[in-house]
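**Q** For reference, the sequence and a predicted model appear below.
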Amino acid sequence: MDEAMFSTFYRAGVIVTPPIEFLPDGVAKLTVVGESDALQDAVAAVPEPVETTIERVGEYNWQQSLFDPALTDRQRAAVRAAVAAGYYAVPREGGVAAVADAIGCSTSTAAEHLRKAESRLMREFVGLTDHSR
């Protein structure tokens, strides 16, 4: 990846939003936001031999991009169920068993989903709010 490849996305009507993920196989994953015509022009201008793959097209939620801990679908479902069950209420109104019932798994599996989700959420939150870096 070089500056020439990325310069195609530095044009009017197109914004590259962080993070840009660089994978070991040389792939760079990035989110590019803009109107349809501007995005099509930017993709068409990517120089050879760089290949582009569009993974998703849709509305852009800037609020989600500010805090997206990349939970799995099951982790997200467990957290939603926990909130709905009152698991995070003070005092706690529901337990892991309620989460397990809501997402259709054992209590140990529900607890594992919640632990992993909470770990990701907290790491992402601390990284987002750590201004000492």
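**A** Everything's here; your move. Residues are numbered from 1 along each chain as shown.
**Q** What distance do you get for residue 82 to residue 68?
**A** 19 Å (C-beta to C-beta, to the nearest Å). (Glycine included, C-beta is placed from N, CA and C.)
**Q** for residue 41, that is, sorry about that
**A** 27 Å.
**Q** Show me what counts as buried in the helix or strand containing residue 37.
**A** Applying DSSP states H and E as the criterion places residue 37 in helix 36-44. The neighbour-count criterion (16 or more other C-beta atoms under 10 Å) identifies 38-39, 41-42 as the buried residues of helix 36-44.
**Q** Can you name the two of those that sit furthest apart?
**A** With C-beta to C-beta as the measure, no two of the buried residues of helix 36-44 lie farther apart than 39 and 41, at 7.3 Å.
**Q** and for these two, which residues touch both?
**A** Residues within reach of residue 39 and of residue 41 at once, by C-beta atoms under 8 Å, 6 or more residues apart in numbering, are residue 14.
**Q** how about the one helix or strand residue 80 maps to: buried residues?
**A** Assigned by DSSP H and E, residue 80 belongs to helix 73-85. Buried residues in helix 73-85, counted by 16+ other C-beta under 10 Å: 74-75, 77-79, 81-82, 85.
**Q** I'd like these written out as JSON lines, with distance to residue 32 added.
**A** As requested, the buried residues of helix 73-85 are exported to JSON lines (distance: C-beta to C-beta, whole Å):
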{"residue": "74", "distance to residue 32": "29"}
{"residue": "75", "distance to residue 32": "27"}
{"residue": "77", "distance to residue 32": "29"}
{"residue": "78", "distance to residue 32": "31"}
{"residue": "79", "distance to residue 32": "28"}
{"residue": "81", "distance to residue 32": "34"}
{"residue": "82", "distance to residue 32": "34"}
{"residue": "85", "distance to residue 32": "38"}
